[in-house]
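[1] Make a model of this:
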Amino acid sequence: MLKSKTFVKKTRAGGVMKVVREHYLRDDIWCGSEVCTECKDGAPVLQQDARVESDLCAYPHYLIPDTNVVLHQIDILEDPLIRNVIILQTVLQEVRHRSPPVYKRIKDATHEKEKHFYTFTNEHHRQTFIEREQGESINDRNDRAIRVAAKWYTEHLNKAPSVGELKVVLLTNDRANRDKAEQNGLLAYRCEEYIKSLTGNPELVDRLALTSDDQNEITGSKLLFPEHLPLSRIQAGIKSGTFLQGTFRASRDNYLEATVFVQREGDDSTEVLLQGLQNLNRAVHQDVVAVELFPKEQWVAPSSVVLQDDRETEVSKSSRLISAPTGRVVGIIKRNWRPFCGMLNQSQIKEATRHLFTPADRRIPRIRIETRQASTLVGQRIIVAIDGWPRNSRYPNGHFVRNLGGAGDKDTETEVLLLEHDVPHQPFSQAVLSFLPKMPWGITEEDLKVRADLRHLCVCSVDPPGCTDIDDALHCRELENGNLEVGVHIADVSHFIRPGNALDQEAASRGTTVYLCGKRIDMVPELLSSNLCSLRSNVERLAFSCIWEMNHKAEILNTRFTKSIINSKASLTYAEAQMRIDDASMNDDITKSLRGLNTLAKILKGQRIAKGALTLSSPEVRFHMDSETHDPIDLQTKELKDTNSMVEEFMLLANISVAQKIYEEFSECALLRKHPAPPPSNYDILIKAAKSRELEIRIDSAKALADSLNEAVLEDFPYFNTLLRILATRCMMQAVYFCSGMDSDFHHYGLASPIYTHFTSPIRRYSDIIVHRLLAVAINADSTYPDLMDKHKQSSLCNNLNYRHKMAQYAQRASVAFHTQLFFKNKGILNEEGFILFVRKNAIIILIPKFGLEGTVFFENNDKPGPRLNFDSEGPTLTVEDQHTFHIFDRVKVTISLDASNIQHQKIRMALVEPVAPFFQIPGVSVALPEPEPEAKKLKLDR
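    Model prediction:
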C-alpha cells in the first residue's frame with residue numbers, strides 16, 4: 001500500500017517547488033514472536049517463555065520501552081537480565097536523531113542473540129502506521145504511535161493458540177502517556193517501578209538514571225547556581241556578540257578555576273578565564289558552553305594555588321600581575337558527558353544509600369549517586385554516568401553503571417586508563433571479522449600478474465625484541481653499474497582492508513594501535529597485524545615497495561614505487577642486526593645488506609642534520625617483567641644502537657619520497673604530516689638553562705637551534721647536552737596530520753623537510769593506509785573512490801587521527817606511570833642521583849636518568865609553616881632560607897618511594913638527600929605522578 005503526501009515549498013530563487021513524499025505500508029512485517037502462528041517468520045527472536053522474576057509482572061511478558069526510557073536507561077537495557085524487548089522503529093528513529101552513542105548501543109543490543117531484542121518497523125506496517133493529526137505535536141504523535149503498536153502487539157499475540165499468560169508491557173516515565181495507555185487497556189509502568197520489582201537482580205536499581213523528579217528529591221531548596229539561559233537566547237547572544245561559544249576546560253589543580261577555549265574565524269582563538277563555582281555554573285570538562293565576558297576592570301589573573309577537590313575556600317589571587325579575559329558561563333550548548341571511572345566515597349551515615357563518587361580525572365567534579373551496595377563497592381574501581389545537575393545541588397547527580405574490579409589490580413587499572421583515554425578496546429565484532437580473508441591464505445596467480453616478484457631479494461626486518469606486527473623490511477644490493485639499489489618494503493595492509501567496509505570503518509575509528517606496558521591494543525584484527533600483513537621471515541607476503549637507485553654518496557638517482565611480493569630472509573632485533581654489522585667474520589648476504597644500509601644511513605643522517613634537522617632526546621624506559629606475575633622487576637632507560645638510527649633514516653626517506661609523489665598527483669587531497677615551528681616564547685626556559693652555564697642557544701631557525709645544541713657541551717658535565725635536548729623536546733609543538741587542500745604550511749620543523757607523510761606503518765596507523773591508497777591510485781595499481789578525493793572528508797579524518805594519536809600517547813604515559821608505581825611498590829625506598837629539570841616558585845622538578853622518572857619536590861606544606869623562599873624568574877633560581885640556591889641542571893640525590901595513602905591517586909614520593917639542610921626535611925613533601933614520554937615501538941614512530 002502506498003501513501004503519499006504532497007506539499008509545496010519556496011526555493012532560494014523565489015520559485016515554488018512541488019514535493020511528493022511516498023510512504024510504503026506493508027502486510028508482511030512479522031511480529032518476531034515464537035508464540036505467533038500467523039506471521040511466517042522463519043527465525044523468531046522473542047521467546048515463548050519470556051518470564052523474569054518480578055513482583056509486579058509474575059507472568060511472561062515482552063517489554064516496549066518508549067524513547068526516553070531508551071535514551072536515559074540504556075545502562076539498564078544492556079543488562080543481561082533484561083530480555084525479550086521490542087524496539088519500535090519510531091523509538092529507534094528518535095534515538096538516532098537525539099543521541100548517536102545511545103543509538104549505537106541499542107543497535108548493538110539488538111544484535112546480541114541472547115538478549116532477544118526485536119526491532120519492529122511499525123512505521124511501515126499497515127496496521128500500526130498513523131498519520132499526524134492537525135494541531136498534534138511530533139512528540140505527541142510519536143507517543144500515540146508507540147501506544148498503537150503496543151495495542152496491536154497485545155491483540156495480535158492474543159490470537160495465538162499458545163499465548164497462555166503472555167502479555168505486553170509498555171515502559172514509560174511520561175505520566176500523560178502512561179494514563180492514556182491505561183485508558184486503552186494497556187499494561188504500562190514507570191521504568192523505576194518495573195526495575196524495583198525485579199527480584200532476580202536487586203543491584204540493577206543502582207543503575208537507574210535519575211529522573212528530574214528524583215533529582216529534586218535529593219537536593220536542597222537553596223539555589224546555589226544561576227539559571228542557564230534557554231538555547232534561543234544563547235544563539236541570539238552569540239550572533240550579536242554578547243556571548244562567546246567555546247569548549248569548557250576544567251583545571252586539574254584548582255577545582256574553582258577553568259578556561260573556555262573560544263575558536264574564532266581562521267586560526268584566531270581566545271581563552272576566557274573562569275573563577276569561582278557560580279561562574280563555572282555547573283559546566284563539566286569538555287562541555288560546549290556560552291560565556292559572557294566581564295568588563296576589563298573585573299578581569300583577574302589565573303590563580304597559582306593548588307586546590308584539590310572540596311575545601312570551601314576562596315580562590316587565592318596570584319602574585320602575577322597579568323590579568324586574562326575573565327567571564328562566566330551563562331548556558332550549556334552541548335553536554336559532552338561520558339561514563340566516568342573512579343571510586344566511591346562511602347557516606348559516614350549508617351544505612352545511607354546516597355554517596356559521593358570521586359572520578360579518577362581530577363577535572364571532573366564529584367558525583368552524587370544512590371546505591372544499596374556501597375559496602376561492596378568500597379575499594380573498587382567503578383563507572384558512573386551523570387544524569388543531571390540541578391541549580392540547588394552542589395554536585396551533579398548520577399547513577400552506578402558497572403564495577404571494573406579492585407583498585408590497584410593490574411587488569412582493572414589497565415581497563416581504567418583505556419576508558420579514561422577513550423581508547424577503543426572492545427573485541428572486534430563479527431561484522432568486522434567477516435571481512436577478513438578466509439584461511440588458509442596464499443599468494444594467487446592473479447597477485448603474481450599485477451605485482452613485482454621480489455622474492456629473490458635479500459630482504460630482512462629489524463625491530464624491537466618480541467615484535468610481531470612487522471610493518472617494514474629493507475634490502476640493499478650493488479647493481480651492475482656500480483650504484484646501489486635500496487628498497488623499503490611495507491606491509492600491503494590496504495590490499496586486505498577495502499574502502500568503506502566494516503573492517504575499514506573500525507580501523508578508521510581506532511586510528512592507531514596503542515602500545516601499553518605488556519599489552520597491545522590492535523588497530524586491526526590479529527590475523528592481519530601478527531600474521532598475514534606482518535613481514536615475518538621465510539614466508540611470502542604482499543608488500544608496497546619504495547625502491548631507490550643511489551650512488552655511494554647516498555644521492556638518489558631514481559625512485560620507483562610498486563606493489564610487490566617479498567620473502568623476508570630474517571627477522572632481526574636491533575641488537576642482532578648490530579652484532580652482525582660489528583662481527584667482521586660474518587659476510588653472508590644479509591650482513592652485507594645491513595652494512596650497506598648502515599653506511600648509507602649515516603650519510604643520510606649527516607645530510608639531514610646539515611639541513612637543520614633536530615636530534616632531540618627523551619628519557620624512554622623499558623620494564624623487565626616477571627615471567628609468572630608479569631609485574632615489573634627492573635626499570636631502565638632504553639639504549640639506542642646504530643641500527644635504530646639505520647631503520648629510522650630509511651623510513652624517513654620513504655615517507656618523504658611518498659609525500660612528494662602523492663602531493664604531485666593529488667595536490668588537493670594528499671594526507672600529509674606537518675610539524676609547526678614553535679613560537680619563540682616556547683624557548684625561554686631552554687635559553688635560560690644554557691645561559692646559566694654561559695652558553696648561547698640560537699632559535700632563529702631549526703638549523704641554528706640544531707647547531708647551537710651540538711655546540712652546547714661541557715667537558716666536566718657529559719650529561720649536560722642530553723639534558724638540554726630533553727628540555728628542547730618540551731619546547732616543541734605537536735606534529736599533526738592534515739589534508740593538503742586545506743592548509744598552506746606543509747613544513748616539518750623537526751625533520752627540516754618541506755613535505756612529509758606517514759607511509760611506513762600501516763599495520764598500526766590508519767593514516768598510512770590512506771597514504772597507501774593514494775599512492776596506489778597514483779601508480780595505477782588500484783582504483784579510487786569518492787571519499788579519497790574529498791578534501792573535507794580527508795580533513796575530518798585527520799582530526800580524528802590527531803585525536804586518537806594524542807590519546808594513545810597519554811594512555812601509554814599513564815601505563816608507564818602505573819608500572820613505575822608497581823616497580824617502586826616492590827622495591828621500597830631507593831636512593832638515586834638526579835638533575836633539576838625545572839625550578840618553580842615553591843618546588844624543583846627532578847629527572848632521575850636511571851629510571852627516566854620525573855618528580856616534584858615541594859618546599860612548603862599546607863599544614864605547617866614552610867621555609868622562606870626567594871624565587872628569581874630570570875635564572876630561574878630558587879633560594880631556600882638563604883642557605884642554598886637551586887639552579888636548572890644542578891645535580892642532587894633523592895630518596896624515591898611510593899605513597900599509596902590515596903589508593904586512587906598513588907604518587908611517587910621524592911625527598912632530598914643531598915644537599916642536606918634541616919629545612920629540606922619537611923614531612924609530606926610529595927611528587928607529582930611521573931609523565932615520561934610514551935613507550936614507542938621504535939624510535940622512528942612518532943615523527
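[2] and stretch 651-671, C-alpha only, in CSV?
    C-alpha atoms of stretch 651-671 as CSV (Å, rounded to 0.1, in the frame of the first residue of the first chain):
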residue,chain,number,x,y,z
MET,A,651,61.7,5.1,7.0
LEU,A,652,62.1,8.9,6.9
LEU,A,653,63.4,8.8,3.4
ALA,A,654,60.5,6.6,2.2
ASN,A,655,57.9,8.9,3.9
ILE,A,656,59.4,12.0,2.2
SER,A,657,59.6,10.3,-1.2
VAL,A,658,55.9,9.1,-0.9
ALA,A,659,54.8,12.5,0.3
GLN,A,660,56.3,14.2,-2.8
LYS,A,661,54.6,11.6,-5.1
ILE,A,662,51.1,11.8,-3.7
TYR,A,663,51.2,15.6,-3.5
GLU,A,664,52.4,15.8,-7.1
GLU,A,665,49.4,13.6,-8.2
PHE,A,666,46.7,14.9,-5.7
SER,A,667,47.5,18.4,-4.7
GLU,A,668,44.1,18.9,-3.1
CYS,A,669,43.6,15.7,-1.1
ALA,A,670,47.0,14.3,-0.1
LEU,A,671,47.2,13.2,3.5
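[3] and that stretch, which residues are buried?
    651-663, 666, 669-671 (16 or more other Cβ atoms under 10 Å). Where you see a C-beta, it was placed from the backbone N, CA and C, and this is true even at glycine.
[4] so of these, which ones are in strands?
    Among the buried residues of stretch 651-671, the members found in strands (DSSP state E) are residue 671.
[5] Out of the buried residues of stretch 651-671, name the ones that lie in helices.
    651-663 (DSSP state H).
[6] end to end, how far does stretch 127-134 reach?
    Using Cα to Cα, to the nearest Å, one end of stretch 127-134 lies 20 Å from the other.
[7] Find the helix or strand that residue 803 is a member of.
    helix 791-827 (DSSP states H and E).
[8] Tell me the buried residues in that helix?
    Residues of helix 791-827 classed as buried: 794-795, 797-798, 801-802, 804-805, 807-824 (neighbour count, 16+ other Cβ under 10 Å).
[9] what does stretch 838-855 give?
    So, applying 16+ other Cβ under 10 Å, buried residues of stretch 838-855: 838-840, 842-849, 851-855.
[10] Need the three-state assignment for residue 17.
    Using DSSP: H, G, I helix; E, B strand; the rest coil, the structure places residue 17 in strand.
[11] Then residue 81?
    coil.
[12] which ones are touching it?
    Residue 81 makes contact with 52, 198, 200, 201, 204, according to Cβ atoms under 8 Å, 6 or more residues apart in numbering.
[13] Pipe those into a markdown table and attach distance to residue 689 per row.
    Listed next are the contacts of residue 81 as a markdown table, based on distance: Cβ to Cβ, whole Å:
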| residue | distance to residue 689 |
| --- | --- |
| 52 | 67 |
| 198 | 64 |
| 200 | 65 |
| 201 | 60 |
| 204 | 58 |
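[14] Sort out for me which of these are in strands.
    Short answer: the contacts of residue 81 have none in strands (DSSP E).
[15] Do a quick rundown of the helices in the stretch 651-800 of the chain.
    Secondary structure of the stretch 651-800 of the chain, counting by DSSP state H, counting those that start in this stretch: helices at 684-691, 702-711, 720-731, 766-778, 791-827.
[16] Tell me which of those approaches residue 538 most closely.
    helix 766-778 (24.5 Å; Cβ to Cβ).
[17] Who does residue 463 form a beta bridge with?
    Using DSSP bridges, the bridge partners assigned to residue 463 are residue 573.
[18] Could you report the pLDDT at it?
    Note for residue 463: predicted pLDDT of 90.
[19] The closest residue to residue 421 other than its chain neighbours: what's it in contact with?
    Spatial nearest neighbour of residue 421, chain neighbours left out: residue 811 (4.0 Å); criterion: Cβ to Cβ, 6 or more residues apart in numbering. Shown in contact with residue 811 (Cβ under 8 Å, 6+ apart): 417, 418, 421, 423, 514, 516.
[20] By neighbour count, which of those residues wins?
    Using other Cβ atoms under 10 Å as the neighbour test, those are led by residue 514, with 27 neighbours.
[21] Can you name the residues that contact it?
    Neighbouring residues of residue 514 by Cβ under 8 Å, 6+ apart: 418, 423, 425, 520, 521, 808, 811, 812.
[22] What of residue 90?
    With contacts defined as Cβ under 8 Å, 6+ apart, residue 90 is in contact with 67, 122, 123, 142, 145, 146, 149.
[23] picking up where we left off before, the helix holding residue 803: how far from the chain's middle?
    How far helix 791-827 lies from its chain's middle: 7 Å, per Cα atoms, centre = their mean, to the nearest Å.
[24] Pull stretch 376-383 out as PDB, backbone CA atoms only.
    C-alpha atoms of stretch 376-383 as PDB (Å, rounded to 0.1, in the frame of the first residue of the first chain):
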ATOM      1  CA  THR A 376      30.700  -4.000  48.300                       C
ATOM      2  CA  LEU A 377      31.900  -1.100  46.100                       C
ATOM      3  CA  VAL A 378      34.300   0.500  48.500                       C
ATOM      4  CA  GLY A 379      37.900  -0.100  47.300                       C
ATOM      5  CA  GLN A 380      36.600  -0.900  43.800                       C
ATOM      6  CA  ARG A 381      37.100   1.000  40.600                       C
ATOM      7  CA  ILE A 382      33.600   1.700  39.300                       C
ATOM      8  CA  ILE A 383      31.900   3.500  36.300                       C
END
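[25] now what about that stretch, what contacts it?
    The contact list for stretch 376-383, computed with Cβ under 8 Å, 6+ apart, reads 339-344, 346, 357, 360, 371, 400-407, 412-413, 415-416, 419, 903.
[26] 10 Å instead?
    With contacts defined as Cβ atoms under 10 Å, 6 or more residues apart in numbering, stretch 376-383 is touched by 75, 203, 206, 338-346, 355, 357, 359-360, 369, 371, 373, 400-409, 412-413, 415-416, 419, 903-904.
[27] Please, a PyMOL command that selects the buried ones among these?
    PyMOL command restricting the contacts of stretch 376-383 to the buried ones, with burial defined by 16+ other Cβ under 10 Å:
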select buried, resi 75+206+338+340+341+342+343+344+355+357+359+360+369+371+373+400+401+403+404+407+408+412+413+415+416+419+904
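[28] for the stretch 551-700 of the chain, which spans come out with low pLDDT?
    Flagging of the stretch 551-700 of the chain using pLDDT under 70 yields the residue ranges 617-640.
[29] where exactly do the strands run in it?
    556-567, 570-573, 621-625, 632-637, 671-674 (DSSP state E, counting those that start in this stretch).
[30] Report the rounded mean pLDDT for the strand or helix carrying residue 515.
    For residue 515, the host element (DSSP H and E) is strand 514-516. For strand 514-516, mean pLDDT is 92.
[31] ok, back up a step: list just the nearest of the contacts of residue 90 to residue 766.
    residue 67 (34.6 Å).
[32] ok, and for stretch 54-67, which residues are buried?
    Buried-residue list, stretch 54-67, by 16+ other Cβ under 10 Å: 54, 57, 60, 61, 62, 63, 64, 65, 66, 67.
[33] got the end-to-end distance for that stretch?
    For stretch 54-67, the first-to-last residue distance is 23 Å (Cα to Cα).
[34] now do stretch 14-30
    Start-to-end span of stretch 14-30 (Cα to Cα) is 46 Å.
[35] List the buried residues of that stretch.
    29, 30.
[36] How about stretch 169-182?
    Applying 16+ other Cβ under 10 Å to stretch 169-182 flags 169, 170, 171, 172, 173, 174, 177, 178, 180, 181 as buried.
[37] C-terminal to whatever helix or strand residue 176 lives in, what's the next element?
    Secondary structure assignment for residue 176, by DSSP H and E: helix 175-183. Tracing the chain C-terminally past helix 175-183 and defining elements by DSSP H and E, one meets strand 187-189 next.
[38] Would you check that residue 353 makes contact with residue 400?
    No: counting by Cβ atoms under 10 Å, residue 353 sits too far from residue 400 to count as a contact (11.1 Å).
[39] got the CA coordinates for stretch 277-295 in CSV?
    Only the C-alpha atoms of stretch 277-295 are listed here, as CSV (Å, rounded to 0.1, in the frame of the first residue of the first chain):
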residue,chain,number,x,y,z
LEU,A,277,31.7,27.9,41.5
GLN,A,278,29.0,30.5,40.5
ASN,A,279,30.9,31.5,37.4
LEU,A,280,31.7,27.9,36.4
ASN,A,281,27.9,27.4,36.7
ARG,A,282,27.7,23.5,36.5
ALA,A,283,29.7,23.2,33.4
VAL,A,284,31.7,19.9,33.2
HIS,A,285,35.1,19.4,31.4
GLN,A,286,34.7,19.3,27.6
ASP,A,287,31.1,20.7,27.5
VAL,A,288,30.4,23.3,24.8
VAL,A,289,29.3,26.4,26.7
ALA,A,290,28.2,30.0,26.2
VAL,A,291,30.2,32.6,28.2
GLU,A,292,29.7,36.3,29.0
LEU,A,293,32.8,38.4,29.3
PHE,A,294,33.2,40.7,32.3
PRO,A,295,34.2,44.4,31.9
